Every structure is written in structure tokens, then in C-alpha cells.
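**Q** Predicted model follows, preceded by the sequence.
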Amino acid sequence: MKKIYIITIIALLLLIVIQQIAYRNDIKEEASLQQLYLKEIFIEYKGKVKSKDIQKAMNRLSSNNYKMFKYNEYNPEEVKQIYERYKKNGFQDVQSVFSYMKSLKSVSNKNNCEILYIEIVPNTMQRTDEYTQFQLKLTFQSLQSFNVLLKLSNNKNEIKIKL
């Protein structure tokens, strides 16, 4: 009788270990998928902006989305206030903030507004002397998405987001 208990306990512990290993591999795979857009950008982009700076800007954008639900996007004073507060996140102008807030509120709510993953829209890269521009598809936890323009300066470390 004791042997059966011991064998059962060992089998259960073995299953737990296998499950933990499989879960860890899933997390690594998900993280690499979330960073895939960075690899695609740097295949084409040869400027001053670093990969970690783009990643940091997109993470700041995602983590501040829920705060935008406090504001009314149709009140010009509030939109200007948000622009001043979040221009370090890369917004190019007040109109971009307005469009971003309007799009964000149409595809998600305060509880599911973080960016789940980012994709580059194929064949949308444009390059000039000043900047390289990519169109990104942002998919949120609500599984809804919209597109933004990511402008990377070729001559200085500057990131701009435009809608």
C-alpha cells in the first residue's frame, strides 16, 4: 500500500516538473514573438536610435494607456495637457494624441488597454534623409488593433509616434 502512495507522489511530482518546464518555454517563446518587430525594424533601419530605446518607448506607451481613459479626447485643453505629459513617449503632435486616444477608446477599455503585441505592416517602410518610418499594427489585450506610424530619426536619437 505504501509503495502505491510513493509511486503516485513521484508521478505527480514528475508531472509538475514537466509542466513547469513547458510553461517556462512558452513564456520564452511569447517574449521572443513580442520582440520580433524590433528585429524586423533593424533589418532596414541604420540610424542612431537603438533597439532598447524603441522597446522602452513602446513599453511606456503601453503602460500609460489606462491613464488616458481619465481624459476627454474632445476637450482641447485636456488633449494639450496629455500631449505635454506624454510627448516624452514619442507623440509627434497634439493631433496624434487626439487620434491615439480616440482609437484606443474605440478598441479597448481601461481593463484591457495594454499592448499585447506589435507587428510591422508589410511594405510600409519609407526612408528620407531625416527619418525612417514604419507602420506598426498595435494589438491590445482586447484583441482589437489599430495602426500607428513610427518615425525614427536617422541623425539623432529621436522616436516619434503619429496617427
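**A** That came in fine, so what should we check first? What you are looking at is a predicted structure, and each value in this text was computed from that prediction instead of being measured.

**Q** quick one, phi psi at F91?
**A** Backbone torsions for F91, taken as degrees, to the nearest 10, come to phi -60, psi 130.

**Q** Which stretches in this protein count as strands?
**A** 115-120, 126-127, 131-140, 145-153, 159-162 (DSSP state E).

**Q** Same list, those, but as CSV with mean pLDDT please.
**A** Below are the strands of the chain laid out as CSV (pLDDT from 0 to 100):
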stretch, mean pLDDT
strand 115-120, 83
strand 126-127, 88
strand 131-140, 87
strand 145-153, 87
strand 159-162, 83
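
**Q** Reformat those as CSV; add mean neighbour count and distance to L15.
**A** To be clear about C-beta, it is placed using only N, CA and C from the backbone, and glycine gets the same treatment. CSV is the format used below for those (neighbours: other Cβ atoms under 10 Å; distance: least, Cβ to Cβ, whole Å):
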stretch, mean neighbour count, distance to L15
strand 115-120, 18, 30
strand 126-127, 13, 52
strand 131-140, 19, 33
strand 145-153, 19, 37
strand 159-162, 19, 46
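
**Q** Fine by me, we can end here.
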